[in-house]
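Undergrad: Using only what follows, build the 3D model:
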Amino acid sequence: MKYVISTIILLVAATDGAPIALVDMKGRSVSAEIVAQQGDSVTFRRDDGKEYTVPLSTLNDATKLAIAKDLESQNAAKEVQGISKDYEMAVSNVLRAKRSIKYFIGSDIEVAKKVVQLQESFISEYVGSESARKAAHEKLARAVKSIYESKPVVGYKYNEILKKQIEMPITFNLYEDADLYYIKIGDGDFSTIASISPKQLLNLTEMHIKMTEWIEQCIADKMDVRKDVGQFGGISIEFISSDSSDNIYLLLTANGQFAGDRLLEKQVVSINLLNWTCLITRIAKVKELNDARDKRRANAEKLK
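TA: Predicted coordinates:
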């Protein structure tokens, strides 16, 4: 299997950015690498490293065809490279997850096992033709996405009476009567609701990209890291990487009183990488929440 991956990477290196002859309408020619096409223009890089952008209309038909084929090859190579990275990541994730499952509790255990099974299936099916490998990748992506979209999000909180970690439900939604979102920890009276504006929500999703990079680096280098991510409305997040449990934890603190707040003004829970990914997946579907709320509002107006 390692031989397959090495072959793919060599294929990418051989096809991405190979020089081609560019000939204009006056017959002048230059050897250059195609960088990108933007609408009716194309950007190329000469041997001296300088980049130029010219209208496609200045090039002859044979060159236009060569550019289209070159860009198609580059895109195909990048796609294969992306799938090969997913393969290597799946192998890494399986090894790490098998060590980490023992630190999970409650419903997370079975879900984590299911994700491991999906990744193991992907690894075993990642053979044969390029189309077969691509099909295996798409199958994995659909299955994992389904889990991230449907799994209830939970955090963990230590219970002094029971002397153990207990699950705390975490909910993301939006208020019906205000242009605000909220993240809720807990149920009923024993819950805390913290509001977050659309701008703050956007900042949170952008920060998720940076946090993903931190996670990958911490896992690769086995680092113990603790740093404040930031304050997003009533939500403050702290990033913690612990080599002892081979898990990434985020301390999510919800505070402030708004609408449904009851007895608990402030709560702190730890949320592992599995649940954090599920939470971000919910947040990423915020447009669907907005559309559903607007539809409910419109129906309510019709009934008046």
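Undergrad: wait, is I193 part of a helix?
TA: No. Applying DSSP: H, G, I helix; E, B strand; the rest coil, one finds I193 to be strand, outside a helix.
Undergrad: pretty sure it is touching K184, no?
TA: Yes. Using C-beta atoms under 8 Å, I193 is in contact with K184, at 4.7 Å. In this view, the C-beta of every residue, glycine as well, is placed from N, C-alpha and C.
Undergrad: The two: who's more crowded?
TA: Between I193 and K184, I193 has the larger neighbour count (other C-beta atoms under 10 Å), namely 23 against 19.
Undergrad: measure that one to Y52 for me?
TA: 55 Å (C-beta to C-beta, to the nearest Å).
Undergrad: What is the burial count for L250?
TA: Applying other C-beta under 10 Å, we find 20 other residues in the vicinity of L250.
Undergrad: helix or strand for it, which one?
TA: L250 belongs to strand 247-255 when assigned by DSSP states H and E.
Undergrad: Centre of the chain to the following helix or strand past that strand, how far?
TA: Next along the chain after strand 247-255, taking DSSP H and E as the criterion, comes strand 266-272. Remark: strand 266-272 is offset 21 Å from the chain centroid, using C-alpha atoms, centre = their mean, to the nearest Å.
Undergrad: now swap in stretch 144-162 and tell me
TA: For stretch 144-162, the separation from the chain centroid amounts to 18 Å (computed by C-alpha atoms, centre = their mean).
Undergrad: what's in contact with that stretch?
TA: Under the criterion C-beta atoms under 8 Å, 6 or more residues apart in numbering, residues 105-108, 111, 114-115, 118, 164-172, 185, 252, 267-272, 274-275, 277-279, 281-282, 285 lie in contact with stretch 144-162.
Undergrad: Among the residues you listed, which lie within helices?
TA: 107-108, 111, 114-115, 118, 274-275, 277-279, 281-282 (DSSP state H).
Undergrad: List buried members of those residues by neighbour count.
TA: Buried members of the ones in helices among the contacts of stretch 144-162, scored by 16 or more other C-beta atoms under 10 Å, are 108, 111, 115, 118, 274-275, 277-279, 281-282.
Undergrad: Switch the residues you listed over to a markdown table, and while doing so, append distance to A178 and pLDDT to every line.
TA: Shown next, in a markdown table, are these (distance: C-beta to C-beta, whole Å; pLDDT from 0 to 100):
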| residue | distance to A178 | pLDDT |
| --- | --- | --- |
| D108 | 32 | 89 |
| V111 | 33 | 91 |
| V115 | 36 | 87 |
| L118 | 39 | 88 |
| L274 | 31 | 86 |
| N275 | 26 | 89 |
| T277 | 28 | 86 |
| C278 | 25 | 90 |
| L279 | 21 | 90 |
| T281 | 24 | 88 |
| R282 | 19 | 88 |
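Undergrad: Can I get these in JSON lines including distance to F44?
TA: Converted to JSON lines, these look like this (distance: C-beta to C-beta, whole Å):
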{"residue": "D108", "distance to F44": "51"}
{"residue": "V111", "distance to F44": "48"}
{"residue": "V115", "distance to F44": "43"}
{"residue": "L118", "distance to F44": "42"}
{"residue": "L274", "distance to F44": "45"}
{"residue": "N275", "distance to F44": "46"}
{"residue": "T277", "distance to F44": "39"}
{"residue": "C278", "distance to F44": "44"}
{"residue": "L279", "distance to F44": "43"}
{"residue": "T281", "distance to F44": "39"}
{"residue": "R282", "distance to F44": "43"}
